[in-house]
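A.B. asks: Next come a sequence and a model predicted from it.
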Amino acid sequence: MRLNGSALRVTVLIGENDRWHHKPLFTEIVHRARRAGLAGASVFRGIEGFGASSLIHTTRLLSLSEELPVAVVIVDTEDRVRAFLPELDELVTEGLVVLDACEVIRHSGRDECGEGRR
């Protein structure tokens, strides 16, 4: 699949210990995005942050916090992302879901042989 031009980015901000049926929530989001045929999804682990509780979560050695922030970023056309939002409504009970308009300048999928273009 190729994606160029106007797109929508959804960023899901959750904690690394958030679960969906005993597995990491971020894993469930990525797998559902793939099943939905979205262009791509990536998970980024934060080094420090806070959410609604205002409790700081950090990687610093002396911190007692172990639940670091996690961002799941998905980019695709606006229609495809908006069609995926009900999945996120089901999955994300605590966290933040942010939508941003963006422009994709280059996205190359794999060809039929499974080889990516370089």
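C.D. replies: Now that the structure is in, tell me what you want to look at.
A.B. asks: Centre of the chain to the helix or strand L88 falls within, how far?
C.D. replies: Per DSSP states H and E, L88 falls inside helix 78-91. Offset of helix 78-91 from its chain centre (C-alpha atoms, centre = their mean, to the nearest Å): 12 Å.
A.B. asks: what's it packed up against?
C.D. replies: Applying 3 or more C-beta pairs under 8 Å, 6 or more residues apart in numbering; DSSP states H and E, one finds that helix 78-91 contacts strand 5-15, helix 25-35, strand 69-76, strand 96-104. In short, each C-beta sits where N, CA and C put it, glycine included.
A.B. asks: which residues are in contact with the second one?
C.D. replies: Outside helix 25-35, the residues within contact range by C-beta atoms under 8 Å, 6 or more residues apart in numbering are 12, 14, 16, 18-21, 40-41, 43, 70, 72, 74, 84, 87-88, 91-92.
A.B. asks: which of those are buried?
C.D. replies: 12, 14, 16, 18, 20, 41, 43, 70, 72, 74, 84, 88, 91-92 (16 or more other C-beta atoms under 10 Å).
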